[in-house]
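>>> My questions concern the predicted model and sequence given below.
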Amino acid sequence: MAINWFKYSAPTTFYGLAGKMIPWFAFSAAILFAIGLYIGFYVAPTDYQQGEFYRIIFIHVPSSILSMFLYLIMAGYAALGLIFNTRLSSMMATAIAPTGALFAFISLWTGALWGKPMWGAWWVWDARLTSELILLFLYLGFIALHASIDDPRRADRASALLAIVGSVNVPIIYFSVKWWNTLHQGSTIKFTGTTMHIAMQQAMFIMLAACWLYAIAVVLARVRSIILERERHTKWVTELPEVK
Amino acid sequence: MKKSTMFDLLLLVVRRDLILAMRRRADVLTTLIFFVMVVSLFPLGVGPEMGMLRKMAPGVLWVAALLASMLSLGRLFSADYLDGTLEQMMLAPQSLSMLVLGKMAAHWMVSGLPLVLMAPVLGVQFDMSAQALGVLILGLLLGTPILSMVGAIGAALTLGLRGGGVLLSLLVLPLCIPVLIFGTGAVEAVSTGLTAAPHLSLLGALLVLALAFTPWVTAQALRISME
């Protein structure tokens, strides 16, 4: 069976598809959050070095990973919109930005909560922390630039260019723990295996999956609103049952 | 197009922008005075203790240079945009990237170079050693062109927007942080008895990278802003 993928690149058809997909993603995200938190808080053993404090990684690590990935995905969508002039890609980029900024903020905030008992300081000017903070600024710059241009087409294109330029920062954050040996610990999970306890590992991966599903659900919901807002003058929007 | 005409164009744009800047000398001077004032405020704010000032000097000078260059970035394209010159430039058959590079070069000569020349005087105020001063100047010489070039992207993106100045800083400052880190790192390395070479090499690499990509990106940004 040949699926016409381009069919769903039109906001008209994607609006309906997104509406059908949101409950599935939201529901599975909620279940995975519940399972992940249960394993994280009740099943996973206490760390012999960091005590109970380490449990913050179950939200800290997934949100840090997502903040970086979402930036790259956002820049990718923005680039698609800039190059092929597809409306939906630009709308997706705009929809991803607030969620990415939220995850960057959660990552910094939980990092501070973890840093106080571990390092004795809320904040240190460590390479990874600083570059993650820059990532948050890049998200805010993207959102601010998009918001301050009235013409949506120009806003899309200008912020797309900014997103692409800013994506230089993502590999810097990712490799910062390798390049600069500062306070932030290196990654525990590697492609060659990990030294983590199996329950910790499970909780972390389940939470990561939950965050992904949550992000997808929220982005789809937001892109639906953006589609409605941008296409409010068209006939198909006025004929929607929820608009009537 | 022949190679010579490309460079003729570059020189032409640089000369034009320099002449325009000389006609409005006050603009150039305000940036420089701002730089001197910000740097001079620090000893008043944190106290005149020489040991601390010596330690702070590279950071203070770099941050002040960063802020001063933000101040002048808004004017990079706005005057040409308002009187329609920019539109004519974009209609010209020559490469827009080359034109943009010329404008960047002129902007650096007007706003970056005076800061570099002024820095040693201020460094002496902070009791910096001769060696540290030399590295500071070298770092600024490599780094301030990057600030002009990266800043030009932001200036082109925010062209003609309300509240463009504040937005410009929000967009450009995060991208300038690596320059700040390596620039101050070089001076600190020298003060602690290490070599500044790795930091300066990285700054040089950033400069080459910026030279290769920013004129093109800025040209694209101008096209987006002008349609």
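Noted; the coordinates are in hand.
>>> which ones are touching residue 86?
I'll assume chain A. Listed by C-beta atoms under 8 Å, 6 or more residues apart in numbering or on different chains, the contact set of A:T86 reads A:9, A:80. In short, each C-beta sits where N, CA and C put it, glycine included.
>>> hm, I was asking about chain B
With contacts defined as C-beta under 8 Å, 6+ apart, B:L86 is in contact with B:77, B:80, B:222, B:226.
>>> if I look at it, how far off is B:S111?
To B:S111, B:L86 is 19 Å away according to C-beta to C-beta, to the nearest Å.
>>> Same check on A:W119?
Taking C-beta to C-beta, one finds A:W119 at 40 Å from B:S111.
>>> Looking at these two, which has the bigger crowd around it?
Set A:W119 next to B:S111 and count neighbours by other C-beta atoms under 10 Å in any protein chain shown: B:S111 wins out with 28 against 13.
>>> quick one: the helices in chain A?
A:11-38, A:57-84, A:87-119, A:127-148, A:152-166, A:169-179, A:198-230, A:235-238 (DSSP state H).
>>> How about chain B?
Going by DSSP H, chain B shows helices at B:3-23, B:25-46, B:50-73, B:75-82, B:85-91, B:96-107, B:113-125, B:130-157, B:164-191, B:197-226.
>>> Stretch A:141-160: end-to-end distance?
End-to-end distance for stretch A:141-160: 11 Å, by C-alpha to C-alpha, to the nearest Å.
>>> Pull up the residues of chain B that are close to chain A.
Chain B has residues B:153, B:157-158, B:161-164, B:167, B:170-171, B:173-175, B:177-178, B:217, B:220-221, B:224-225, B:227 near chain A, with proximity defined as C-beta under 8 Å from any C-beta of the partner chain.
>>> And those residues, which of them are buried?
Buried positions within those, assessed by neighbour count (16 or more other C-beta atoms under 10 Å in any protein chain shown), are B:153, B:157-158, B:161, B:164, B:167, B:170-171, B:173-175, B:177-178, B:217, B:220-221, B:224-225.
>>> Let me have the helices of chain A in a markdown table, extended by distance to chain B and mean pLDDT.
Shown next, in a markdown table, are these (distance: least, C-beta to the nearest C-beta, whole Å; pLDDT from 0 to 100):
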| stretch | distance to chain B | mean pLDDT |
| --- | --- | --- |
| helix A:11-38 | 21 | 89 |
| helix A:57-84 | 9 | 91 |
| helix A:87-119 | 12 | 89 |
| helix A:127-148 | 4 | 88 |
| helix A:152-166 | 4 | 90 |
| helix A:169-179 | 8 | 73 |
| helix A:198-230 | 18 | 90 |
| helix A:235-238 | 26 | 82 |
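>>> For B:L67, find the nearest of the ones you listed.
helix A:127-148 (15.8 Å; C-beta to C-beta).
>>> could you say what helices and strands the closest one packs with?
Secondary-structure packing of helix A:127-148 (3 or more C-beta pairs under 8 Å, 6 or more residues apart in numbering or on different chains; DSSP states H and E): helix A:57-84, helix A:87-119, helix A:152-166, helix A:169-179, helix B:164-191.
>>> Many thanks, I have nothing further to ask.
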